[in-house]
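**Student:** Structural data only, the sequence is not supplied:
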């Protein structure tokens with residue numbers, strides 16, 4: 001059973017994370033996601049990629065019930081899975097637009113930071129990084145993504161307080177780029193992906209913009 005449902009919208013690939021009811025993550029799902037995005041990187045779609053969640057959530061992060069049973073080997077596999085999945089998202093050479101259709105918590109916040117553009121719904125969903133409250137630390141690649149793409153003040157606030165933000169606060173913090181009506185989130189994200197890819201210099205500019213972060217991520221993954 002795949003946890004990433006693929007749909008073509010014109011030339012854009014829509015990948016929907018599917019693990020009901022909350023689209024929580026486990027090691028096997030993270031490993032599958034890493035493989036899915038590695039394959040997309042090998043043959044980037046001309047209309048870019050949209051990442052969303054199936055149902056009412058983007059993702060609520062790691063499955064805490066599963067994580068509570070981890071021994072050290074399980075915890076290491078989960079950290080490696082998060083690193084590989086986030087690295088795959090970040091390295092994607094074409095446009096990646098995140099359609100945050102609901103809660104984006106923990107790893108969901110990191111996934112959003114990997115996007116070139118993030119669209120979210122005007123609603124009561126929350127976005128944030130409550131790892132401290134959950135008794136977790138950020139895996140190394142996730143931390144590198146935070147360091148490169150989240151304003152230092154907001155990085156301190158969110159990482160240390162576990163505060164969860166509503167859409168307007170998330171926009172101010174730089175976690176999202178656009179707030180739209182809930183029923184238009186996916187259509188808007190697909191349109192934005194196409195608009196980004198329609199720019200002749202987009203791929204080259206993205207490669208240049210991400211070069212330092214990708215080099216750091218590559219070094220971390222090689223350790």
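**Tutor:** In hand now; what should we look at? If you're wondering where the values come from, they're calculated on a predicted model, not measured in any experiment.
**Student:** what about the strands in the protein?
**Tutor:** Here the chain has its strands, by DSSP state E, at 4-9, 12-17, 49-53, 96-100, 104-105, 117-121, 127-128, 164-165, 178-180.
**Student:** Look up how far residue 77 lies from the residue in the chain sticking out farthest from the centre.
**Tutor:** Distance to the chain centre peaks in the chain at residue 71, reaching 25.9 Å (criterion: C-alpha atoms, centre = their mean). Separation of residue 71 from residue 77 (C-beta to C-beta, to the nearest Å): 10 Å. Every C-beta, even on glycine, is put in place using the N, C-alpha and C of the backbone.
**Student:** so what sits against both of those two?
**Tutor:** Common neighbours of residue 71 and residue 77, counting by C-beta atoms under 8 Å, 6 or more residues apart in numbering, are absent.
**Student:** Show me which residues of the longest helix seen in the chain are buried.
**Tutor:** Taking DSSP state H as the criterion, the chain has its longest helix at helix 72-91. By neighbour count on 16 or more other C-beta atoms under 10 Å, the buried set for helix 72-91 is 77-91.
**Student:** out of the strands of the chain, which comes closest to residue 204?
**Tutor:** Nearest to residue 204, of all the strands of the chain, is strand 96-100, at 15.8 Å by C-beta to C-beta.
**Student:** tell me the mean pLDDT for the closest one?
**Tutor:** Strand 96-100 shows a mean pLDDT of 98.
**Student:** give me every residue that touches the closest residue in space to residue 149 that isn't next to it in sequence.
**Tutor:** Take residue 149 and drop its neighbours on the chain: the residue closest to it by C-beta to C-beta, 6 or more residues apart in numbering is residue 113, 4.7 Å away. Going by C-beta under 8 Å, 6+ apart, residue 113 touches 145-146, 149-150, 175.
**Student:** One more pass at 7 Å, please.
**Tutor:** For residue 113, the contacting residues are 145-146, 149-150, by C-beta atoms under 7 Å, 6 or more residues apart in numbering.
**Student:** Same question for residue 146.
**Tutor:** Applying C-beta under 7 Å, 6+ apart, the residues near residue 146 are 113, 138, 155.
**Student:** how close does it get to residue 166?
**Tutor:** Counting by C-beta to C-beta - residue 146 and residue 166 are separated by 20 Å.
**Student:** now swap in residue 59 and tell me
**Tutor:** Residue 59 is 17 Å from residue 166, where distance means C-beta to C-beta.
**Student:** Please identify which of the two sits among more neighbours.
**Tutor:** Between residue 59 and residue 166, counting by other C-beta atoms under 10 Å, residue 59 is the more crowded of the two (26 against 16).
**Student:** Can you spell out which residues form a bridge with the more buried one?
**Tutor:** residue 104 (DSSP bridges).
**Student:** Distance-wise, check it relative to residue 96.
**Tutor:** 15 Å.
**Student:** Dump the strands of the chain into a markdown table; add distance to residue 217 and mean neighbour count as well.
**Tutor:** As requested, those are exported to a markdown table (distance: least, C-beta to C-beta, whole Å; neighbours: other C-beta atoms under 10 Å):
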| stretch | distance to residue 217 | mean neighbour count |
| --- | --- | --- |
| strand 4-9 | 21 | 13 |
| strand 12-17 | 20 | 22 |
| strand 49-53 | 18 | 28 |
| strand 96-100 | 15 | 29 |
| strand 104-105 | 21 | 29 |
| strand 117-121 | 19 | 26 |
| strand 127-128 | 22 | 26 |
| strand 164-165 | 25 | 20 |
| strand 178-180 | 26 | 17 |
